[in-house]
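1. Everything below, folded, please.
(2 chains)
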Amino acid sequence: MLDIQALRNDLAGMAARLATRGFVLDTASFEKWEGIRKNIQTHAQELQAKRNATSKQIGFAKSKGEDVAGIMAEVATLGDELKQAEVLLAEVQSALQNLLEGLPNTPNENVPVGKSAADNVEVRKVGAKPSFDFAVRDHVSLGEGLGGLDFETAAKISGARFSLLKGGLARLHRALAQFMLDTHTDQHGYTEVYVPYLVNAASMRGTGQLPKFEEDLFKVGFGSPVQTLDAANTGQVASFYLIPTAEVPVTNMVRDEIVPLEKLPMKLVAHTPCFRSEAGSAGRDTRGMIRQHQFDKVELVQMVHPDESYVALEQLLGHAETILQKLGLHYRVVKLCTGDIGFSAAMTYDIEVWLPAQDTYREISSCSNFETFQARRMQARFRNAQGKPELLHTLNGSGLAVGRTLVAVLENNQLADGSVVIPEALRPYMGGLEVLRSLE
RNA sequence: GGAGAGGUGGCAGAGUGGUCGAAUGUACCUGACUCGAAAUCAGGCGUAGCGUAUUCCGUUACCGAGGGUUCGAAUCCCUCCCUCUCCGCCA
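-> Have a look, this model is predicted:
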C-alpha cells in the first residue's frame, strides 16, 4: 500500500511514477474522494466532540443532583445526526481504502523503465551452457524413463498440473530442499521457520495477494455445509487460503508488531509447498512440472532497516545464486523493468536457469524489495533510534523453487542413456549416489 | 466434542454505566541527591488519524474483533475470534 500522505502531497508526481509501470492513476477520482473525506471527517469529528462534551456535562450535573432535562433535550437530535455522519464517513473511508489497496507499488528510481518483459535488463550470466553430443531429452522424458515421474497417476488422483515423484526422483526432490535449507541456515545466517500453509485473509492482505489477486489463490472452507469462521467480522464466507508462497506466512510474522531495533535484520528461511490456481495461464507450460498447482519452494525473507534494504536485496540475490552455483547450473540474472515488476515490488531481480530441452532460460527465483509497501499494509514496524515506531522494509526471494530446480538438474546433467549425474553437493543427501538410473 | 475461566498500556494488574486514555506496581527516559553507583525523591513515558500542523496547539478513534442499548460503554446485551484448565477423542 502506498503512503496516502505521499499521494496528498504530490499526486501528480506519484501518478507519474506509477505511469512508468503502466498503471494509470485516476487522480481526479482520488482528489474527489479526498475532498469528500475531509469534509465528512471534519464534520463527524465536530459532532463527536460536541456529544462528548455534552455527555460530560450531563454526568457532572447528575452527580451534583441537578436537573438534566434541558441538556438532554439539547442533544436529542445529535445522536441521529452523528450516526449519519459516521456511516457516511465509514463509506467514504472504505472507498478510499479500496482505491489505495488497488494501487501497485512505485518502482524504485533505479529500476529500468520499460513496457514488458522484453525490456528487462540482463545483469549477468554465470556458468556456461552444457553441451551435449546427443539429442537432449526434456525432464518429462527423462523422469518417465527413470520411472520416477508419473503425471498420469497424479492426474488420476488430483487432475492436471499435479505431479507424482517416485524413488530416486522423490528423494532428489527432498535432497534439493534439504540442501537449500542447510546452505541458507549454515552459511547465509537465516533462521529456519516452519509455518502454517493455510492462512487467513488478513495475512493475504498484508503481503498484497488480497484483495486484488484472489482468483490466483485456492480458498478453503470447512466440509459441507460451509461454515463461516469470521462471518460476523467481515461478512466473508471463506475461512482459509492455501499459501501461494511462504512469503505470506513468514512475512506476516511481523504484522502488527513493533520489532526492537536490535532484532533487525530478521533473516528467515522456510521450505513449504506453494499452491496456485494458475487461473489465466491455461495452455501455458502444460507439459511437465514447470507450472503446477502445487510445488515446493525454499523461500528467503528479510525484514530490515529502511537504510539497509537495497544492500540486503543484493545479498539475498547472492544467497539464491549460491544454490545454483553449488549445483553447477548455468543461469542469468535479470533486472525486471518497471513494466514487468510485480504489484507489491519496488525492485525485482529474476534468476533464470538454463533449460537445454527448452533451449531457453526459465525463471527459478524472483528476489524483490517491497520497501514499505507490505509493511504499511501489515503495520509492521521497528523502533528507530529516536524510539519512535517506523515502517520497516520487507524483502523476499526464492532460494529456490524446488520443482524447477529438479527440472534443471535433470535436463542439465543428463547422459546419453537417459541417466542423470547427481551434482556433488547433493550426494550427501542421496546416500552417496552419483548417478540416477532407471528403477527397473 | 463437553464443562469452566479469561482476553485492559512493554510487562504485571485494578477498574462492572459518567471529569477513564484508563488506578497502582514494574520496566524505560529526564532531573535532583552522590566523587560515582545503588537506594530515595520529582517529572515524563501508548498507537493511529484529522485540523494547511513530525516537534507546540485543538480534536477524534482505539481496553481481543464486529454489532447493539444509552445523552454517555473498558464496564450492560448479542455474535465471532483467540488463550488457559479439566474431561473425551486423536497424528
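2. could you give the mean pLDDT of stretch A:126-143?
-> For stretch A:126-143, the per-residue pLDDT values average out at 96.
3. neighbouring contacts of it?
-> Residues outside stretch A:126-143 that contact it (CB atoms under 8 Å, 6 or more residues apart in numbering): A:145, A:149, A:151, A:165, A:169, A:287-289, A:321, A:324-325, A:328-333, A:354, A:356-358, A:406-407, A:410-414, A:416, A:418, A:420. The C-beta positions use only the backbone N, C-alpha and C, and glycine is treated the same way.
4. List the buried residues for that stretch?
-> With burial defined by 16 or more other CB atoms under 10 Å, the residues of stretch A:126-143 counted as buried are A:127, A:136-143.
5. Quick one: distance of it to the chain centre.
-> Here the centre of stretch A:126-143 is set off from its chain's centre by 32 Å, with CA atoms, centre = their mean, to the nearest Å.
6. now do stretch A:289-297
-> On CA atoms, centre = their mean, the centre of stretch A:289-297 falls 16 Å from the chain's centre.
7. which parts of it are buried?
-> Under the neighbour-count criterion of 16+ other CB under 10 Å, stretch A:289-297 has A:289-297 buried.
8. got it, and stretch A:17-36?
-> Of the residues in stretch A:17-36, A:17-18, A:20-21, A:23, A:25, A:30, A:33-34, A:36 count as buried by neighbour count, 16+ other CB under 10 Å.
9. Please name the residues that touch residue A:383.
-> Going by CB under 8 Å, 6+ apart, the list of residues near residue A:383 reads A:258-261, A:389-390.
10. Put together JSON lines for those residues, with neighbour count on each row.
-> Formatted as JSON lines, the contacts of residue A:383 follow (neighbours: other CB atoms under 10 Å):
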{"residue": "A:258", "neighbour count": "14"}
{"residue": "A:259", "neighbour count": "18"}
{"residue": "A:260", "neighbour count": "9"}
{"residue": "A:261", "neighbour count": "13"}
{"residue": "A:389", "neighbour count": "13"}
{"residue": "A:390", "neighbour count": "16"}
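11. So of these, which two are at opposite extremes in space?
-> Among these, the pair separated by the greatest distance (CB to CB) is A:260 and A:390, at 12.3 Å.
12. overlap in contacts of these two?
-> Each of A:382-383 lies in contact with both residue A:260 and residue A:390 under the rule CB under 8 Å, 6+ apart.
13. Check which helix or strand the residue in the stretch 1-150 of chain A positioned nearest to RNA strand B maps to.
-> For the stretch 1-150 of chain A, the residue positioned closest to RNA strand B under CB to the nearest atom of the strand is residue A:59, at a distance of 3.0 Å. Residue A:59 belongs to helix A:27-63 when elements are defined using DSSP states H and E.
14. which other residues reach the helix or strand following that helix?
-> Proceeding C-terminally, helix A:27-63 gives way to helix A:69-74 as the next helix or strand, assigned by DSSP H and E. The list of residues contacting helix A:69-74 from outside it, by CB under 8 Å, 6+ apart, reads A:54, A:57-58, A:61.
15. Could you show which parts of the stretch 251-400 of chain A are in contact with RNA strand B?
-> Taking CB under 7 Å from any atom of the strand as the measure of proximity, the stretch 251-400 of chain A contacts RNA strand B at A:379, A:381, A:388-389.
16. mind giving me a markdown table with the residues you listed and columns for secondary structure and pLDDT?
-> Putting these into a markdown table (DSSP: H, G, I helix; E, B strand; the rest coil; pLDDT from 0 to 100) gives the following:
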| residue | secondary structure | pLDDT |
| --- | --- | --- |
| A:379 | coil | 87 |
| A:381 | strand | 89 |
| A:388 | coil | 82 |
| A:389 | strand | 86 |
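17. Please point out which parts of stretch A:422-437 sit buried.
-> For stretch A:422-437, a neighbour-count test (16+ other CB under 10 Å) marks A:422-423, A:425-426, A:429-430, A:436 as buried.
18. same check, this time on stretch A:409-426
-> Per 16+ other CB under 10 Å, stretch A:409-426 contains these buried residues: A:409-414, A:418-420, A:422-423, A:425-426.
19. So which of those belong to strands?
-> Among these, the members falling in strands are residue A:420 (criterion: DSSP state E).
20. Can you tell me which of the buried residues of stretch A:409-426 is closest to RNA strand B?
-> After measuring these against RNA strand B - CB to the nearest atom of the strand - the closest member comes out as residue A:426, at 29.7 Å.
21. what about residue A:394, helix or strand, and which?
-> Counting by DSSP H and E, the element that carries residue A:394 is strand A:393-401.
22. And the strands in the stretch 151-300 of chain A?
-> Ranges of strands in the stretch 151-300 of chain A, per DSSP state E, counting those that start in this stretch, are A:191-192, A:198-199, A:219-220, A:240-242, A:258-259, A:266-275, A:294-304.
23. Switch the ones you listed over to TSV; also include mean pLDDT and distance to residue A:98.
-> Shown next, in TSV, are the strands of the stretch 151-300 of chain A (pLDDT from 0 to 100; distance: least, CB to CB, whole Å):
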stretch	mean pLDDT	distance to residue A:98
strand A:191-192	95	36
strand A:198-199	90	21
strand A:219-220	84	20
strand A:240-242	89	19
strand A:258-259	86	27
strand A:266-275	96	26
strand A:294-304	97	27
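24. Deepest in the core, which of those is it.
-> For the strands of the stretch 151-300 of chain A, average neighbour numbers computed from mean count of other CB atoms under 10 Å are highest in strand A:294-304, which has a mean of 25.
25. now whichever helix or strand comes after that strand and strand A:393-401, what's the angle there?
-> From strand A:294-304 onward toward the C-terminus, using DSSP H and E, the following helix or strand is helix A:309-327. Counting by axes from the mean of the first three to the mean of the last three CA atoms, to 10 degrees, helix A:309-327 points 10 degrees away from the direction of strand A:393-401.
26. Give me the average confidence score over helix A:309-327.
-> Helix A:309-327 carries an average pLDDT of 98.
27. Which strands or helices does whichever helix or strand comes after that helix pack on?
-> Next helix or strand after helix A:309-327 toward the C-terminus (DSSP H and E): strand A:331-335. In terms of contacts (3 or more CB pairs under 8 Å, 6 or more residues apart in numbering; DSSP states H and E), strand A:331-335 is packed against strand A:121-126, helix A:309-327, strand A:347-355, strand A:360-371.
28. I'd like to check what contacts strand A:331-335. Which residues are they?
-> Counting by CB under 8 Å, 6+ apart, the neighbours of strand A:331-335 from elsewhere in the structure are A:111-112, A:120-127, A:317, A:321, A:324, A:347-354, A:361, A:364.
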